[in-house]
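Novice: okay, here's the prediction I keep looking at, along with the sequence it came from:
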Amino acid sequence: MIPDAGEFSPVEAAFAADAIGRTLRLRGWVLRSRSSGGILFFRLRDRTGSIQVTARKEALGAEQFSAVEHVQIEGALTVTGVVQADARAPGGRELKAASVGIIDAGQPFPIFSDQTEEFRLDKRHLVIRSQEHVAIFRVRAELLRALRNFLDKADVLEVTAPIMTATAAEGGSEAFAFDYFGRPGYLAQTAQLYLEALLAPHERVYALSTSFRAEKSRTPRHLTEYTHLEIELAWSGMTELMDFIERMLVSALHQLAQRRPQELTQLGRPPEELLALSVPFPRLTYREAIDRLAAQGLPVQFGSDLGIAEERALTLEEKSPIFVTAFPARLKAFYMLRSPTDPDIVEAADLLGPEGYGEIIGASARETDIDRLLHRLEEVGARREDYEWYLDLRRHGSVPHAGFGMGVERVLRWVLRREHIRDTTPFPRTPSRHTP
């Protein structure tokens, strides 16, 4: 029988100012346990925290004590007891058990230290119960909440876009293809083109959705499936767009630092560092970035793409994200606006995370001239008929607009100082793994 939820308190209730001496009924999972003679010590956790429980044989009775003693790590229990102060216990409180009920004693838990990363990925469904992962995903949820709060206040409308498409928006070689009832189909790499369609009726729109990239990139910052925040703003150019990005990111990270300081500290990011972020972020042109990299001895020239090594070199000593702007057109997507002063340059910017973490946001003003769009589609080898619906957007009330895409996991990797991006998502998808 499932216990009545109304009969139980959350673990955090044991740490209230007036909790000492009160009798509480708690339920949760065993985080760890040990016994010493006739005393059993274990930590009980639920969604709100964990508390040390002390159970004596004379209080429980020999039979119940023995049964509880054999409960495994991650076994599920109910406990009734009195809250006591104990300076030796984590948090300074413990629960002196009067009775313990076993919901599921469990089998021996297979996760422990010194296991291979591959094994731990095979057992990811169990590994994510760790206190570290609990903290990571609380921070992740808070970041998404903070971003939505900012966008709501900025009057940007949340919309949805399909994740099955008939065209590969960013490039066919990086799209996952599948058979769609006898016709080619692709998993979406971006919601951008659909957001542009929703721009005319709403002016400011965003989507928080899953994007897919079939890149065989085995690096610490690549996933084949990731959470993508994409925003399109009418009447915006690059200056307004970069100002918007700065305000959004600083606002969200300040809220994150204020609401999740304990988790951030636990994970190695002092919240004070996020609270110290301010606008504007440093900005340098692509040409200035190439000159800086060449001065550092990297083998780059104008026209070179900025990869992991180059972005790391540009940002390793930085404390704030930095914008790199004005990229060569041949390095960027077909829909980016050509510079009015140099047709070989596009109005685009990449926001690079500091401390060597690299690109976290890609942004650009969007091309509105049909002839230039057609020329770029021809250059990249795309079929015009696949984009006729997109070209329609330029035929019927097109206005200047700009937008960006942010990889949520990449932002988290920087914020939480994670070595690998797979730590920032519950079930990572990479070229070598799509299980569990």
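Specialist: Structure's in. What do you need?

Novice: mind listing residues that contact the longest strand along the chain?
Specialist: Looking across the chain with DSSP state E, the single longest strand is strand 23-36. Identification of contacts with strand 23-36 by Cβ atoms under 8 Å, 6 or more residues apart in numbering yields 3, 7-11, 13-14, 40-46, 50-51, 69, 71-83, 95, 98, 103, 106, 129, 131. All C-beta spots, glycine's among them, are computed from the backbone N, C-alpha and C.

Novice: equivalent analysis for stretch 157-172, please.
Specialist: Contacts for stretch 157-172 (Cβ under 8 Å, 6+ apart): 148, 151, 174-175, 177, 180, 183-195, 198, 202, 204-213, 333, 380, 382, 386-387.

Novice: what subset of the residues you listed is buried?
Specialist: 148, 151, 174-175, 185-195, 198, 204-209, 211-213, 333, 382, 387 (16 or more other Cβ atoms under 10 Å).

Novice: narrow these to those in strands?
Specialist: 185-187, 204-209, 211-212.

Novice: from the residues you listed, which is closest to residue 228?
Specialist: Distance to residue 228, by Cβ to Cβ, is smallest for residue 211 among those, at 4.0 Å.

Novice: okay but the closest one is in contact with residue 190, surely?
Specialist: Yes - counting by Cβ atoms under 8 Å, residue 211 touches residue 190, with 5.9 Å between them.

Novice: could you tell me which residues touch both of these two?
Specialist: 228, 405.

Novice: show me where the stretch 51-200 of the chain has helices.
Specialist: 57-60, 62-69, 117-122, 124-127, 131-153, 192-202 (DSSP state H, counting those that start in this stretch).

Novice: export those helices to a markdown table and tack on distance to residue 368 and mean pLDDT?
Specialist: Output for the helices of the stretch 51-200 of the chain, formatted as a markdown table (distance: least, Cβ to Cβ, whole Å; pLDDT from 0 to 100):
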| stretch | distance to residue 368 | mean pLDDT |
| --- | --- | --- |
| helix 57-60 | 74 | 95 |
| helix 62-69 | 70 | 95 |
| helix 117-122 | 45 | 96 |
| helix 124-127 | 45 | 97 |
| helix 131-153 | 24 | 98 |
| helix 192-202 | 10 | 97 |
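
Novice: deepest of the ones you listed, which one?
Specialist: helix 192-202 (a mean of 19; mean count of other Cβ atoms under 10 Å).

Novice: give me the residues contacting that helix.
Specialist: Contacts of helix 192-202 (Cβ under 8 Å, 6+ apart): 157, 159, 161-162, 169, 205-207, 230-232, 234, 335, 366, 389-390, 393, 396-397, 399, 401, 403, 405.

Novice: and what of stretch 92-100?
Specialist: 14-15, 19-20, 23-24, 26, 44, 51-56, 59-60, 64, 68, 77-86.

Novice: if you set the cut-off to 7 Å instead, what comes out?
Specialist: Stretch 92-100 has contacts (Cβ atoms under 7 Å, 6 or more residues apart in numbering) with 14-15, 24, 26, 51-55, 59-60, 64, 68, 77, 79-86.

Novice: now the residue located most distally from the centre of the chain. Nearest residue, chain neighbours left out?
Specialist: The C-alpha centroid of the chain is most remote from residue 58, which lies 48.6 Å away (Cα atoms, centre = their mean). The shortest distance from residue 58 to any non-neighbouring residue, by Cβ to Cβ, 6 or more residues apart in numbering, is to residue 38 (6.9 Å).

Novice: for that neighbour, give me the pLDDT.
Specialist: What the model reports as pLDDT for residue 38 is 92.

Novice: now that residue 128 has come up, it's in contact with residue 426, right?
Specialist: Yes - Residue 128 lies in contact with residue 426 (Cβ atoms under 7 Å); the separation is 5.5 Å.
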